[in-house]
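**Student:** For reference, the sequence and a predicted model appear below.
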Amino acid sequence: MTHVQTPQRTKKSADGSQPSSPADRIVSIDVIRGIAIAGILLININYFLNQAGQTESPSGSDTVIWQVVDDVALGKFHFVFAFLFGVGIHIFLTRLRAKGLSAWVYIRRMIILVAAGLINSMLGGIDVLMTYGVLALLLLPLTLLPRHVFAAFGIAAAVIPDVMQLLTDLNAVDFHLPSIVLPLLSFARTIGHMALGFWLAGHSLFSKNTRVPVVSLFVFSLIGSVPILIWTTAAGARTSEAHDIAFRTALVPGFMYVAGLILLLRTRVGWKSLSFLRFYGRMAFSNYLGQTVLCVAILPSLTAHGYISAPAGLGIWAAIIVVQCAFSMLWLRYFRYGPLEWVWRCGTYLRFTPLRA
């Protein structure tokens, strides 16, 4: 069973305006991206409930449930999403150079992403697209660095900001940094996550013949995740300290998720269980903005009837994911790209791309 598909030998326009085949995709990336998108909504559902008018704070079992959500998802799926975004940048630039196209195509692509992020923010969503677009533009010149220098940058950018921020938040160390610096560290950590994805994509992370020791990566990150979970639990449910620990240490369990899913998708059972998420992941752009639209449109009418408990909130989350998965599968039966993915592609290459499958 092969998850890295072999490109079909078809004649394609060098300008990228001709439709790409699904066979050109690395399907395991789509699956993991779909899981990351679902995980991001899991993190954001509480925010959307509050925006919809829910003012009552969770208590009792709800507090425990939302803390478990933080332990499982907070920061982890943002890491996975940013990491895969870096992987996607590597794939896009590699194919761009193979076609002999200018880097301006990439720049235009990211400017469109920034615009989409701005629209998402205006709709009321928690947006990462605008940040990702800007950071991807900053990452472009860094990709020209020697591999070992680029890898060192990625590791440093991913680790140092979290360590500094965590020590500051826990009042363990005062770095005497200007107030504007600490927020900038969040951008540094995200570009670090992208850089790590870009770097490991260059080592064929998602290929069975990869030079990356995926099993060792999973084992060590799993071992590292255990004391982090204990530390977070000891900090108390829904405390600011538990939140900071869960978010600032997300790199370790995030790597566990990526490596674990790669290994799981290599098995017959894992592939059969999760492969349907490839449709959800192929339409990640549309589904991410779709989450905002659905939550903003639906949740106010639900919160108007009273407090939404944690189990009910998780039920709403699951219902949205199921609806979006079903829509993605149906849409991609007839079309090559998701609706926003198609607009993004046409804008990237400044040419009309056929949409029908």
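**Tutor:** On my side now, so go ahead.

**Student:** make it CA atoms for all contacts and neighbour counts henceforth
**Tutor:** Will do.

**Student:** Now stretch 257-269: buried residues?
**Tutor:** Tyr257, Val258, Ala259, Gly260, Leu261, Ile262, Leu263, Leu265, Arg266 (16 or more other Cα atoms under 10 Å).

**Student:** buried residues in the host helix or strand of Ala116?
**Tutor:** If you go by DSSP states H and E, Ala116 is part of helix 103-123. Of the residues in helix 103-123, 105-114, 116-121 count as buried by neighbour count, 16+ other Cα under 10 Å.

**Student:** likewise stretch 198-214?
**Tutor:** Phe198, Trp199, Leu200, Ala201, Gly202, Leu205, Phe206, Ser207, Val212, Val214.

**Student:** Wait, the first one touches Gly86, no?
**Tutor:** Put plainly, it is Phe198. Yes - counting by Cα atoms under 8 Å, Phe198 touches Gly86, with 4.5 Å between them.

**Student:** List just the nearest of the buried residues of stretch 198-214 to Leu274.
**Tutor:** Distance to Leu274, by Cα to Cα, is smallest for Phe206 among these, at 15.8 Å.

**Student:** how much space between the closest one and Leu84?
**Tutor:** 11 Å (Cα to Cα, to the nearest Å).

**Student:** Off-centre distance for whatever helix or strand Pro141 lives in?
**Tutor:** Pro141 belongs to helix 129-142 when assigned by DSSP H and E. Helix 129-142 has its C-alpha centroid displaced from the chain centroid by 14 Å (Cα atoms, centre = their mean, to the nearest Å).

**Student:** just to revisit the earlier point, let's have the buried residues of stretch 257-269 in a markdown table, adding pLDDT.
**Tutor:** Converted to a markdown table, those look like this (pLDDT from 0 to 100):
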| residue | pLDDT |
| --- | --- |
| Tyr257 | 98 |
| Val258 | 97 |
| Ala259 | 97 |
| Gly260 | 97 |
| Leu261 | 97 |
| Ile262 | 96 |
| Leu263 | 96 |
| Leu265 | 95 |
| Arg266 | 94 |
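
**Student:** Reformat the residues you listed as JSON lines; add secondary structure and distance to Gly315.
**Tutor:** Listed next are these as JSON lines, based on DSSP: H, G, I helix; E, B strand; the rest coil; distance: Cα to Cα, whole Å:
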{"residue": "Tyr257", "secondary structure": "helix", "distance to Gly315": "23"}
{"residue": "Val258", "secondary structure": "helix", "distance to Gly315": "25"}
{"residue": "Ala259", "secondary structure": "helix", "distance to Gly315": "28"}
{"residue": "Gly260", "secondary structure": "helix", "distance to Gly315": "26"}
{"residue": "Leu261", "secondary structure": "helix", "distance to Gly315": "24"}
{"residue": "Ile262", "secondary structure": "helix", "distance to Gly315": "28"}
{"residue": "Leu263", "secondary structure": "helix", "distance to Gly315": "29"}
{"residue": "Leu265", "secondary structure": "helix", "distance to Gly315": "26"}
{"residue": "Arg266", "secondary structure": "coil", "distance to Gly315": "30"}
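
**Student:** Reformat those as TSV; add distance to Thr232.
**Tutor:** Below are the buried residues of stretch 257-269 laid out as TSV (distance: Cα to Cα, whole Å):
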residue	distance to Thr232
Tyr257	18
Val258	21
Ala259	22
Gly260	22
Leu261	24
Ile262	26
Leu263	27
Leu265	29
Arg266	31
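
**Student:** sorry, back to before: got the CA coordinates for the helix holding Pro141 in PDB?
**Tutor:** C-alpha atoms of helix 129-142 as PDB (Å, rounded to 0.1, in the frame of the first residue of the first chain):
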ATOM      1  CA  LEU A 129      -3.900  32.600   7.500                       C
ATOM      2  CA  MET A 130      -2.800  36.200   7.500                       C
ATOM      3  CA  THR A 131       0.100  35.400   9.900                       C
ATOM      4  CA  TYR A 132       1.000  32.300   7.800                       C
ATOM      5  CA  GLY A 133       1.100  34.300   4.600                       C
ATOM      6  CA  VAL A 134       3.400  37.000   6.000                       C
ATOM      7  CA  LEU A 135       5.700  34.500   7.700                       C
ATOM      8  CA  ALA A 136       5.800  32.400   4.500                       C
ATOM      9  CA  LEU A 137       7.100  35.500   2.700                       C
ATOM     10  CA  LEU A 138       9.800  36.000   5.300                       C
ATOM     11  CA  LEU A 139      10.700  32.300   5.000                       C
ATOM     12  CA  LEU A 140      11.400  32.500   1.300                       C
ATOM     13  CA  PRO A 141      14.800  34.100   1.500                       C
ATOM     14  CA  LEU A 142      15.700  31.900   4.400                       C
END
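
**Student:** I am finished for the moment; much appreciated.
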